[in-house]
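Colleague: coordinates only, sequence not included:
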């Protein structure tokens, strides 16, 4: 697990994983690391700092965290980094939250906890492809 600068590797898309629970960061990193360059953040504030310093194709973010929620971070990320794909991880999804997700954050996908690791890897892989297609379409 690394909070440091991602190692540039064109074969491994850069992914930012945000969760306040170290155990979740470790599990997600272990699942994603073989296919992606992973950077982790333990808070919304740390994630915002990293977003300004590095380019990511995908952000995977927990919803409820102390000091800020993931949904608000993803809404801001959509505005600043429109091609970066956004995946929300949550323990629950109320209908009004789902509607807000679609309208405001334009989520690529949301995942309900507990997240099967195979599903996480597939969703992030698809999201990275969508990032590339979005970028190519805007060129």
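Modeller: Sure thing, it's come through. What you are looking at is a predicted structure, and each value in this text was computed from that prediction instead of being measured.
Colleague: for the protein, what are the low-confidence residue spans?
Modeller: 1-8 (pLDDT under 70).
Colleague: which residue ranges form the helices in it?
Modeller: For the chain, the helices defined by DSSP state H occupy 22-32, 44-53, 70-80, 95-100, 117-138.
Colleague: Go through the ones you listed and name the closest to residue 62.
Modeller: Distances from residue 62 to each of the helices of the chain were compared by Cβ to Cβ, and the smallest falls on helix 70-80, at 5.2 Å. (C-beta placed from N, C-alpha, C; glycine too.)
Colleague: packing partners for the closest one?
Modeller: If you count contacts as 3 or more Cβ pairs under 8 Å, 6 or more residues apart in numbering; DSSP states H and E, helix 70-80 packs onto helix 44-53, strand 58-62, strand 85-90.
Colleague: Against which helices or strands is the longest one packed?
Modeller: So the one you mean is helix 44-53. Judged by 3+ Cβ pairs under 8 Å, 6+ apart, helix 44-53 is in contact with strand 14-18, strand 37-41, strand 58-62, strand 68-69, helix 70-80.
Colleague: Tell me how many other residues crowd the nearest residue to residue 87 once chain neighbours are set aside.
Modeller: The spatially closest residue to residue 87, leaving aside those adjacent along the chain, is residue 60, at 4.6 Å (Cβ to Cβ, 6 or more residues apart in numbering). As a burial measure, residue 60 scores 29 neighbours (other Cβ atoms under 10 Å).
Colleague: Tell me the bridge partners for residue 60.
Modeller: For residue 60, the beta-bridge assignment (DSSP bridges) gives partners residue 17, residue 87.
Colleague: Relative to residue 16, how far out is it?
Modeller: Using Cβ to Cβ, to the nearest Å, one obtains 7 Å as the distance from residue 60 to residue 16.
Colleague: how about the helices of the chain, which one is nearest residue 88?
Modeller: Nearest to residue 88 among these is helix 70-80 (5.9 Å), distances taken as Cβ to Cβ.
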